[in-house]
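Visitor: Need coordinates for the following:
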Amino acid sequence: MKITEARPYVVKNLKYALNPSSIAVVGASRYPNKVGNAVIRELQKWGYQGAIYPVNPRADKVEGLKAYHRLQDIKKPVDLVFLAVPAHIVNAIMHDCVAIKAKVAVIATSAFKEIGRGDLQDLITQYCRDHELPLIGPNLVGLGTPYAHFNCGFIPYLPVPGTVAMISQSGANLLAALGTSQENHFGMSFFVGLGNKADVDFSEFIEYGEQDPHTKCISVYSEGLDSPEAFLKSCKKVTKPVVVIKVGGSKIGNKAAFAHTASENPESDAYYDKVIKDAGAYRATTWQEFLDVSLALGLQPPIMGDNIVMITNGGGAGLLSCDHFERRGLPMHELKEISPLLTQRMRAYMPMFGSPLNPVDISGTATPIAYKGAFQQAYRDPNVDAVLGAICPTAITDVAAVAQAAIDVHESCKKLHKPFVMICQGGGECHDAIMRLRDNGIPAYATAEQAVNAMVALRQYGKKVAKK
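Guide: Below you'll find the predicted structure:
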């Protein structure tokens, strides 16, 4: 159901959705293959420290915990109620949630509007709104945060701790992002599946993300933007960058979005593109771009000008970057145009056949010392707005040592508030370097195009910051 702006009571109560002191799991099954059982197992497995109250009318114990036959039998405060029960009894359970004064309700159950039962979904939603009980879902996979060791849903793992808040209508894509977090060191502050998004809206989680101390970038996967006015207001209100991937723009994708999360897209894709642009958010067009851009915005400050200097030991990476920068509307400038003195200073870190043009090619023989010196010169030049580094693993390149040089320079120059992004093209040694760089706050990627997309997003965010 639509809203015109984020509701204060919802934003206030979302802290109970992601850091509750107690959880009641309604539909807590004794059988391991059931969602209601998996929720409790995952809470225990990942170290959740709050109280867990299984609710099952036919069980006295679930996963070693005392079970309650009804919510009203729990004589202690309950912050969050998680429902994993058949759709036809959800309405009755929501009345019980109000009766015990729960702070938030999360409905994993499917079979609502996405199969034509919109009236039932709206009935439940209106009841919750009438009693100011925020409802997340239905038809979702779960939510959580690594900072509270909180994994609430049928989700196999938590992400590594980081700065990106992931708000997704799709459970499958949320799981993909969580897997990426584990495998590729994509750090998250919190994550939530919204499913059908019957009540709690993107806008409210965006405003919650603004308040969350661990969040530096708010990332939204949307299948339907049915409250564009609220989205626009919240994006303009927050100071943190917002990244959006909006799907369902194709003819068959529109139908698939409704069947998946009951999302309706009555307007053209160009309309949603304008809404996202007017909101000051960054719209990604592919899943990879969505992740790459979110990582960069979560780790680095905005780029406040157009003078980007690239330092590489491989001409190919430089050329790929030049072309993609121009395609994305952020063409590179020659070094002599940015800072004539920097051109001369760079020559100290390259052989005579190197090129100080920009990209600055310090050649395939470049040592970690040469990289470090070139990085420092670029970083410290007042005319340079951002630095892009690239490693090509020749037989004499110490990839790990170059990565460490980048980390050392980044750490020593943080006070300058200039973004630093890295490209590491190659095999296992480059993958290890990417992980190490990310762990030390530097967005690093396997291709030039990924890195350029990240820098374009940082520049777009810089323009938004400059307007405020």
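
Visitor: where's Glu210 relative to Val242, distance?
Guide: 10 Å (Cβ to Cβ, to the nearest Å). For glycine as for every other residue, the C-beta is placed from the backbone atoms N, C-alpha and C.

Visitor: right, I mislabeled it, should have said Ala405
Guide: 33 Å.

Visitor: So these two - more neighbours on which side?
Guide: Val242 (29 against 22; other Cβ atoms under 10 Å).

Visitor: ok so, going back, shared neighbours of Glu210 and Val242, which are they?
Guide: Residues touching both Glu210 and Val242 (Cβ atoms under 8 Å, 6 or more residues apart in numbering) are Ile218.

Visitor: can I assume Ala400 is in contact with Glu429?
Guide: Yes - contact criterion Cβ atoms under 8 Å: Ala400 and Glu429 qualify, at 6.9 Å.

Visitor: Show me the shaky parts of the stretch 201-350 of the chain.
Guide: For the stretch 201-350 of the chain, the stretches with pLDDT under 70 are 249-251, 253-265.

Visitor: 80 - rerun?
Guide: 248-267 (pLDDT under 80).

Visitor: For it, which segments are assigned as helices?
Guide: 202-211, 228-237, 251-261, 269-278, 287-299, 315-327, 335-338, 340-346 (DSSP state H, counting those that start in this stretch).

Visitor: Other residues contacting the fifth one?
Guide: Contacts to helix 287-299, defined as Cβ under 8 Å, 6+ apart, come from residues 162-164, 166, 173, 176-177, 180, 186-187, 216-217, 219, 221, 241, 243, 245, 282, 284, 419, 421, 438, 441-443, 445, 450-451, 453-455, 457-458, 461.

Visitor: what about the closest residue to Ile218 other than its chain neighbours, how many neighbours?
Guide: Using Cβ to Cβ, 6 or more residues apart in numbering and skipping the chain neighbours, the partner closest in space to Ile218 is Gly209 (4.1 Å). A count of nearby residues for Gly209, using other Cβ under 10 Å, gives 28.

Visitor: wait, isn't Gly209 in contact with Thr163?
Guide: No - counting by Cβ under 8 Å, Gly209 stays clear of Thr163, with 10.5 Å between them.

Visitor: what do the two both touch?
Guide: 189, 215.

Visitor: Near Trp46, how many other residues are there?
Guide: Neighbours around Trp46, by other Cβ under 10 Å: 17.

Visitor: Quick check: nearest residue in space to it, chain neighbours excluded?
Guide: Going by Cβ to Cβ, 6+ apart, Trp46 has Asn151 as its nearest residue, at 4.3 Å.

Visitor: Helix, strand, or coil at that neighbour?
Guide: For Asn151, the assignment made with DSSP: H, G, I helix; E, B strand; the rest coil gives strand.

Visitor: Just the local confidence number for it, please.
Guide: At Asn151, the model reports a pLDDT of 98.

Visitor: Run through the bridge partners of it.
Guide: Here Asn151 sits in beta bridges with Gly144, going by DSSP bridges.

Visitor: Now do the helices in the stretch 51-200 of the chain.
Guide: According to DSSP H, counting those that start in this stretch, the helices that the stretch 51-200 of the chain contains are 90-99, 118-130, 171-184.

Visitor: Please, which helix or strand holds the closest residue to Phe154 other than its chain neighbours?
Guide: Excluding the flanking residues, the one nearest Phe154 by Cβ to Cβ, 6+ apart is Ala38, at 4.4 Å. Assessed by DSSP states H and E, Ala38 sits inside helix 35-45.

Visitor: Can you list the buried residues in that helix?
Guide: 35-40, 42-43 (16 or more other Cβ atoms under 10 Å).

Visitor: Just read off the phi/psi values of the residue lying farthest from the centre of the chain.
Guide: Going by Cα atoms, centre = their mean, the residue of the chain most distant from its centre is Met352, 44.0 Å out. For Met352, the backbone dihedrals (degrees, to the nearest 10) come out as phi -60, psi -20.

Visitor: contacting residues for Ala401?
Guide: Pro368.

Visitor: What's the separation between it and Ile303?
Guide: 27 Å.

Visitor: Let me see the ranges of the strands in the stretch 301-450 of the chain.
Guide: 308-312, 360-361, 386-391, 420-424, 444-445 (DSSP state E, counting those that start in this stretch).

Visitor: neighbouring contacts of the last one?
Guide: I take that to be strand 444-445. 292, 421-424, 433-434, 437-438, 451, 454.

Visitor: got it, and the first one?
Guide: Contact with strand 308-312 is made by 318, 321, 325, 330, 332, 335, 338, 342, 358-362, 371, 374-375, 378, 381, 384-392, 423, 455, as judged by Cβ under 8 Å, 6+ apart.

Visitor: wait, isn't the residue nearest to Phe154 in contact with Cys152?
Guide: No - Ala38 is beyond contact range of Cys152, at 10.6 Å (criterion: Cβ under 8 Å).

Visitor: Let me see the contact set for the nearest residue to Ala148 once chain neighbours are set aside.
Guide: Residue nearest to Ala148 in three dimensions, not counting chain neighbours: Asn19, with 4.8 Å by Cβ to Cβ, 6+ apart. Each residue near Asn19 by Cβ under 8 Å, 6+ apart is listed here: 145, 148, 150.

Visitor: could you measure the second one against Thr180, distance?
Guide: Looking back up the chat, that one is Ala148. 21 Å.
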